[in-house]
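In: kindly generate the corresponding structure for this input.
(one chain, ligands or ions: 1)
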Amino acid sequence: MPNRIIKESVNESSGLAITSPFAQDLFKRLITYADDYGRFNSHPEIMRARLYPLELDAVTVQDVEAGLIELVGVEKVRLYENKGRPGVFGYFPGWDEHQRVRHTRARCPEPGTGDEVNDWALQRFVPMLLRRRIFERDKFKCQECGISHKMPGVPLAEAQRALSSVFHIDHIVPVLQGGRATEENLRLLCRRCNAKRPKTFDWSTGTAVPRSAASCGELPPESNPIRIQSESNPIPKAADAAMANELPAALLDRIPEMKSWPSPEALVALWNDIARKAGLPLVTTLSASRRDNANRMLRQFKDWQFWTASLSRIPFSQFLTGRVAPTNGHSKPFRADFDWICAKKDGVENIVKLHDGKYDEGER
Ligand SMILES: [Zn+2]
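Out: Residues are numbered from 1 along each chain as shown. The predicted structure follows:
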């Protein structure tokens, strides 16, 4: 693991000072997570698994996503895409001024001109003082379910800092429908109510996802995503519905076991669906060790959309589907199976490598 330098000046960073304690902590963890070039895979599922391995029960993907938005908002981190690799990446501007060690190969592609995709996060960034006004106006009370967490007698700034992870700031009219981070368009939601709000960004494809307005929003929901999903996706219905962050009816009809997601049974059902298309071994029995492995993976990566996006790449991989000649004395070509997707090698889960496009085409 790399050792990184954190300078004293981090405590005097005016940018970080206007972010939440969670975002400040995320920033420091991110420094150790980035490769030697200050770049990292910014998929919140992967970040959560890597940065909070002992706190998977306490830190949600929404927490990580919100923290990332804050760091982009204060320009501590920038997001970019790469034509050759799927997904969205992040980098630290000015990394070279702070970190010297560079002895490994870059894990993430180099950001090029025109590759940056910060708009999604920037439009959702709510500066600290505005957040404070919303906390004060909404009286530390969820505007959906009415639950409140008050700290009587504690000064506003202190109470807001202490409760910054308890509440989320929600855009009433979604940004994609013209809603902006203004006092009128923001409201306080508790963690539970916010988690029910559909996701607005698909980190696997770098696609902004439209969501319908909250109950009081005036504008009609959009019907199409800003960018169309990859045409090579073999289960387009699932991918479309993923944008609404709910298991699609089409998938539930076809794979009834998916209803229990996240569970080893649902993961097996999803695997079998993909394996059938790719001509790979189906799982017929769920042994205790297989169940343990599946549970361990699902604790790290809970989002079914992450799994479908990653597994959907398998049929297109020459290597994983046994279409590459065997090497190193093996008599048969390698073929991926359920145990392989639940395994990790050299500290990186195979599902993450899949997500990152490592096995696309003929690569191995
Ligand atoms: Zn609530």
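
In: low-confidence ranges, the stretch 151-300 of the chain, go.
Out: Flagging of the stretch 151-300 of the chain using pLDDT under 70 yields the residue ranges 199, 209-246.

In: tell me where it has strands.
Out: Remark: strands assigned in the stretch 151-300 of the chain by DSSP state E, counting those that start in this stretch are 167-171, 186-190, 201-202, 207-208.

In: now those in JSON lines, with distance to residue 292?
Out: The C-beta positions use only the backbone N, C-alpha and C, and glycine is treated the same way. JSON lines is the format used below for the strands of the stretch 151-300 of the chain (distance: least, C-beta to C-beta, whole Å):
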{"stretch": "strand 167-171", "distance to residue 292": "33"}
{"stretch": "strand 186-190", "distance to residue 292": "33"}
{"stretch": "strand 201-202", "distance to residue 292": "30"}
{"stretch": "strand 207-208", "distance to residue 292": "34"}
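
In: for the stretch 101-250 of the chain, what lies in contact range of the ion?
Out: 142, 144, 145, 190, 193 (C-beta under 5 Å from the ion).

In: isn't the fourth one right up against residue 145?
Out: Right, residue 190. Yes - counting by C-beta atoms under 8 Å, residue 190 does reach residue 145; the two are 6.3 Å apart.

In: so for those two, which sits in the more crowded spot?
Out: Counted by other C-beta atoms under 10 Å, residue 190 and residue 145 do not tie: residue 190 has more neighbours, with 19 against 12.

In: list the contacts of the closest residue to that one other than its chain neighbours.
Out: The shortest distance from residue 190 to any non-neighbouring residue, by C-beta to C-beta, 6 or more residues apart in numbering, is to residue 142 (3.8 Å). Residue 142 makes contact with 148, 167, 188, 189, 190, 193, according to C-beta atoms under 8 Å, 6 or more residues apart in numbering.

In: of these, buried ones?
Out: Those of the contacts of residue 142 that meet the buried threshold are 167, 188, 189, 190, 193, by 16 or more other C-beta atoms under 10 Å.

In: turn these into JSON lines, columns for distance to residue 120.
Out: As requested, the buried ones among the contacts of residue 142 are arranged in JSON lines below (distance: C-beta to C-beta, whole Å):
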{"residue": "167", "distance to residue 120": "22"}
{"residue": "188", "distance to residue 120": "22"}
{"residue": "189", "distance to residue 120": "19"}
{"residue": "190", "distance to residue 120": "24"}
{"residue": "193", "distance to residue 120": "22"}
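
In: give the contact list for residue 97.
Out: No residues are in contact with residue 97 under the rule C-beta under 8 Å, 6+ apart.

In: in the sheet, who's paired with residue 187?
Out: Per DSSP bridges, the residues bridged to residue 187 are residue 170.

In: renumber starting at 37 from here on
Out: Noted, 37 is the first residue going forward, which turns the last one into residue 223.

In: I'd say it and residue 204 touch.
Out: No - using C-beta under 8 Å, residue 223 makes no contact with residue 204, being 9.8 Å away.

In: so for stretch 111-127, what gets flagged as buried?
Out: Neighbour-count burial for stretch 111-127 [16+ other C-beta under 10 Å]: 112-118, 122-127.

In: next, give phi and psi for the residue nearest to residue 209 when sequence neighbours are not counted.
Out: Nearest non-adjacent residue to residue 209, counting by C-beta to C-beta, 6+ apart: residue 215, 3.2 Å away. Main-chain torsions, residue 215, degrees, to the nearest 10: phi -70, psi 140.

In: and for residue 357?
Out: Backbone torsions for residue 357, taken as degrees, to the nearest 10, come to phi -100, psi 20.

In: what is the burial count for it?
Out: 20.

In: again, but for residue 144
Out: For residue 144, using other C-beta under 10 Å, the count is 21.
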